[in-house]
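J.: coordinates for the following, if possible.
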Amino acid sequence: MKKILFVTAECAPFAKAGGLADVSASLPPAICGYEIRTIFPLYGIIRDSLRTLFQPCFSFSCDFDGKRRTAALCRAVYQGRYFYAIDAPEFFVANGSGRLYLDAAADNRRFLFFCRALLAALPIWDYQPDLLHLNDWHTSFLSIMLRHDKSEFFQNTKTLLTIHNIGCMGITRLPAVLRQSGLPCSDFLTGPFAWRIRNSNPLKSGILTADFLSTVSPSYAAELATDGPDKGNYLSRYIRRRSGSLVGIRNGIDTDLYNPATDASIPYRYSACQSESGKAACKHSLQNRFGLCPDPNAMLCAMVSRFCEQKGSSLTCTCAEKMLRGGAPLQFVFLGDGNEPFLTEIQRLADEFPGRVSAMLHFSQSLPPSVYAGADVFLMPSLYEPCGLGQLIAMRYGAVPVVRRTGGLADTIVPYDPAADQGCGFLFDEYSADALMASLTETLSLYLHDKTAWRELVARCMSFDSSWASPAKEYGRLYGRLCNE
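T.: Reported below is the predicted structural model:
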């Protein structure tokens, strides 16, 4: 059986900052026919009950930044699966920030070491992967490190780089990363890492040197080859150069984990055939928890997100204020962290419209299912969206998505068509608050005036196949192609 090592910067439930963690946890076990192991850094911020599951397999040392460094390979058993981690407290514990990611310079140093340590550990581990499945810029260093590695051990090892979000490239100033990497100066000055004046771009390096590339939806794959900061993010010409080695495979979610019929984290459980009463109870509970007026007739809109321009946060705030001032029977719940200007604006709305707008502006792993279950509508008016997991989870819980037609949102949301009585959400094209408001007004009209059609729409959302079944088969075929099967 061919061996695949899934290399990632984060993996739920151990370390999570975004959707990459969910994919890292749920994709590998969905792919059949391969021996797949998942590995990531053993961060100090992993909560003790999970961190103590990791037991050392062996210690080893490797050269990094002019010194001999010590690390350990650890293994944990969680819910019947094995997870592996590189334990190096100097790099992944000692920062004391309480955050998974730091600044670009610090993160380049940490993930450079992670990649260097992983290559040093594999021969000792006697685990010879046929394929390294790399994820985003944090692990892109591995593809070029293997290009320079002349050992027989890695002679037949291939690399697949999945781009989850091209907006995160790991760009940093050149001098430190050049010294720490141990790679030739030419790689940074004129080669794959070279980026403008005295900068390094790890994602660009991975795009140019990995054996194959994938991204997380077919539409996003096409967008990556398009010029513009909201498309290929200035890497489009390199993507076009690799167009014959790029495929878009949409993400899925763990449908056992996200299941309103069995989810113990939501106040009332329900299935598709009981969604009306179950969601009504969850909505009332959500209104109480977030301090909203207990109004069953108001359409409750939720945004569970990292609040920033990419996610359309400014559009949502402008739209919400205009519609609330106009007397629309709406409520808004905001859950998540993000960039300060957007957090300030959301909090201003909550202060100005008490009982109609509520916000919990911090990252939470436990609250989102309750918000999805209690919401009538899920908002995702993204400037760009590689795939998006929020809309998939929201539909699973019967929250109707209102989204911008971009990337994976265009691939997963079938537009509501009243004439054909089909579709599972509302889409708009222009990135503007007015376009969002027009789409949300259409949604509100259906919600208020045609309860039968709304119930059927919710049922279609809940029956949408958001599982990994089909995407995992595509990954399996891609693995086979790279492993010469």
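
J.: check the offset of stretch 265-273 from the chain's centre.
T.: Mean C-alpha position of stretch 265-273 versus that of the full chain (CA atoms, centre = their mean, to the nearest Å) differs by 25 Å.

J.: and it, which residues are buried?
T.: When neighbours are counted by 16 or more other CB atoms under 10 Å, the buried residues of stretch 265-273 are found to be Ile266, Pro267, Tyr268, Arg269, Tyr270, Ala272. C-beta here means a position set from N, CA and C on the backbone, and glycine is covered the same way.

J.: ok, stretch 462-477 next?
T.: Met462, Phe464, Ser466, Ser467, Trp468, Pro471, Ala472, Tyr475, Gly476.

J.: circling back to that earlier point, return the subset of the buried residues of stretch 265-273 lying in helices.
T.: Of those, none are assigned to helices by DSSP state H.

J.: centre of the chain to stretch 214-222, how far?
T.: Centre-to-centre, stretch 214-222 and its host chain are 14 Å apart (CA atoms, centre = their mean).

J.: so where is the protein shaky, pLDDT-wise?
T.: Low-confidence segments of the chain (pLDDT under 70): 95-97, 228-233, 485.

J.: where is the longest strand in it?
T.: strand 67-78 (DSSP state E).

J.: so what touches the following helix or strand past that one?
T.: Using DSSP states H and E, the helix or strand that follows strand 67-78 towards the C-terminus is strand 81-87. Strand 81-87 has contacts (CB atoms under 8 Å, 6 or more residues apart in numbering) with 11, 14, 29, 37-42, 54, 56, 71-77, 92, 114, 117-118, 121.

J.: kindly report the same for stretch 340-349.
T.: So stretch 340-349 is in contact with 307-309, 313-314, 317, 320-321, 332, 334, 337, 357, 359, 361, going by CB under 8 Å, 6+ apart.

J.: recalculate using a threshold of 10 Å.
T.: Stretch 340-349 has contacts (CB atoms under 10 Å, 6 or more residues apart in numbering) with 303, 305-309, 311, 313-314, 316-318, 320-321, 324, 332, 334, 336-338, 356-359, 361-362.

J.: so how far is it off the chain centroid?
T.: For stretch 340-349, the distance to the chain centre is 23 Å (CA atoms, centre = their mean).

J.: just the buried members of the contacts of strand 81-87?
T.: The buried subset of the contacts of strand 81-87 (16+ other CB under 10 Å) comprises 11, 14, 37-42, 54, 71-76, 92, 114, 117-118, 121.

J.: so which of these are in strands?
T.: Using DSSP E, the buried ones among the contacts of strand 81-87 in strands are Arg37, Thr38, Ile39, Phe40, Pro41, Ala71, Ala72, Leu73, Cys74, Arg75, Ala76.

J.: which among those residues gets closest to Arg47?
T.: Ala76 (12.8 Å; CB to CB).

J.: which residues touch that closest one?
T.: 14, 42, 46, 50-55, 82-85.

J.: find the nearest non-adjacent residue to it, please.
T.: Spatially, and ignoring its direct neighbours in sequence, Ala76 is nearest to Leu53 (3.9 Å; CB to CB, 6 or more residues apart in numbering).

J.: what number of residues lie near the one you found?
T.: 16 (other CB atoms under 10 Å).

J.: so what's the backbone phi/psi at it?
T.: phi -70, psi -20 (degrees, to the nearest 10).

J.: what separates it from Phe14, distance-wise?
T.: Leu53 sits at a distance of 9 Å from Phe14 (criterion: CB to CB, to the nearest Å).

J.: which neighbours do the two share?
T.: What both Leu53 and Phe14 touch, as defined by CB under 10 Å, 6+ apart, is the set Ile46, Ala76, Tyr78, Phe83, Ala85.

J.: contacts only, for the first one.
T.: Shown in contact with Ile46 (CB under 10 Å, 6+ apart): 11, 13-16, 40, 52-54, 76, 85, 92-93, 100.

J.: including distance to Met395, could the contacts of Ala76 go into JSON lines?
T.: Shown next, in JSON lines, are these (distance: CB to CB, whole Å):
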{"residue": "Phe14", "distance to Met395": "27"}
{"residue": "Leu42", "distance to Met395": "35"}
{"residue": "Ile46", "distance to Met395": "30"}
{"residue": "Leu50", "distance to Met395": "29"}
{"residue": "Arg51", "distance to Met395": "34"}
{"residue": "Thr52", "distance to Met395": "36"}
{"residue": "Leu53", "distance to Met395": "33"}
{"residue": "Phe54", "distance to Met395": "35"}
{"residue": "Gln55", "distance to Met395": "39"}
{"residue": "Tyr82", "distance to Met395": "32"}
{"residue": "Phe83", "distance to Met395": "29"}
{"residue": "Tyr84", "distance to Met395": "33"}
{"residue": "Ala85", "distance to Met395": "33"}
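
J.: what sits closest to Pro354 if chain neighbours are left out?
T.: Closest to Pro354 by CB to CB, 6+ apart is Gly291, at 7.4 Å.

J.: phi, psi of the residue lying closest to Pro218 once chain neighbours are set aside?
T.: In space, and not counting its chain neighbours, Pro218 is closest to Gly248: 3.8 Å by CB to CB, 6+ apart. The phi/psi pair for Gly248 (degrees, to the nearest 10) reads phi -100, psi 120.
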